[in-house]
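# Quick check, what structure comes out for this input:
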Amino acid sequence: MNLSFNTLLADLGIGAIVFISTNIDDIFLLAAFFADKKLSRQSIVIGQYLGIALLVLASIIAALLALNIPPQWVALLGAAPLYLGLKKLPDLWRAPEKEGHDEDQTIQEQEHKVEKGLHSQMLAVASVTIANGGDNIGVYVPLFATSVDSIATYTLTFAFMTGVWCAMGYAIVKNELMGGIIRKYGHKVFPLVLIVLGVHILSGAIDLIR
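Alright, predicted model coming up:
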């Protein structure tokens, strides 16, 4: 009994460390998402959970089948953030919103958008999360393959940590100092972040054209 409890604690610790090490950059990406007033909070959180869930599911399947996913092919997913960044480039020349704008009213307007819009926002966030998940798959697959009995514990840990990550990303935006800067210039920085991220991820696929 004591051994099982110690094993559980060890698995929880390993799961938390693995998640943090493979998703540290996602905190700032989530902050950029939350700073974009065109995106609803609900779609960001659900999209992040969806993206992480698909990465974990792909890793579990690969681990159980003892498959090695070539990182070059995963890198092709970098086209998703690159496309989204290029699409948002016009925001660089958009004037910042007037001070005193009622944020709660903006959120209510976002929540009343058509359902199709909400779905597209969730898929956009999920696609960026997946595209930025090459490191996740590279770490999760061998971890799951060598600890099949602990997969359920790791998965629950990742689910909890995803919620913590969303909260931390939102807290950065709400910070009086950092949040003010991000809210004021976030719509200008966000497209560049996506473009740089997309190019960086796609660089891993360069071996495919050699």
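
# which stretches of this structure form strands?
Across the chain, reading from the start of the chain, there are no strands by DSSP state E.

# Lowest average confidence across helices and strands of it, where is it?
Taking mean pLDDT, DSSP states H and E as the measure, the chain has helix 103-111 as its least confident helix or strand, at a mean of 43.

# any idea how far residue 169 lies from residue 5?
33 Å (CB to CB, to the nearest Å). The way it works is simple: take the backbone N, C-alpha and C, and place the C-beta from them, glycine included.

# Those two: who's more crowded?
Just comparing residue 169 and residue 5: by other CB atoms under 10 Å the higher neighbour count belongs to residue 169, 23 against 9.

# Which residues are in contact with the more buried one?
With contact set as CB atoms under 8 Å, 6 or more residues apart in numbering, residue 169 has these partners: 26-31, 33-34.

# how far away is the residue lying closest to residue 189 once chain neighbours are set aside from residue 76?
Of all residues beyond its chain neighbours, the one nearest residue 189 is residue 32 (6.8 Å), with distances taken as CB to CB, 6 or more residues apart in numbering. Applying CB to CB, the value for residue 32 to residue 76 is 23 Å.

# what's the answer for residue 161, then?
In this structure, residue 161 lies at 27 Å from residue 76, with CB to CB as the measure.

# Residue 128 now?
For residue 128, the distance to residue 76 under the criterion CB to CB works out to 14 Å.

# For these two, indicate the residue with more neighbours.
For residue 128 against residue 76, the residue with the higher neighbour count under other CB under 10 Å is residue 128, and the figures read 29 against 15.

# In this structure the more buried one contacts residue 81, no?
Yes. Under the criterion of CB atoms under 8 Å, residue 128 is in contact with residue 81, at a separation of 4.9 Å.

# between these two, what contacts are shared?
Here residue 128 and residue 81 share the contacting residues 194, 197, scored by CB under 8 Å, 6+ apart.

# Could I get the pLDDT score of the closest residue in space to residue 121 that isn't next to it in sequence?
Counting by CB to CB, 6+ apart, residue 121 lies nearest to residue 43, which is 3.6 Å off, once chain neighbours are set aside. Residue 43 is assigned 90 on the pLDDT scale.
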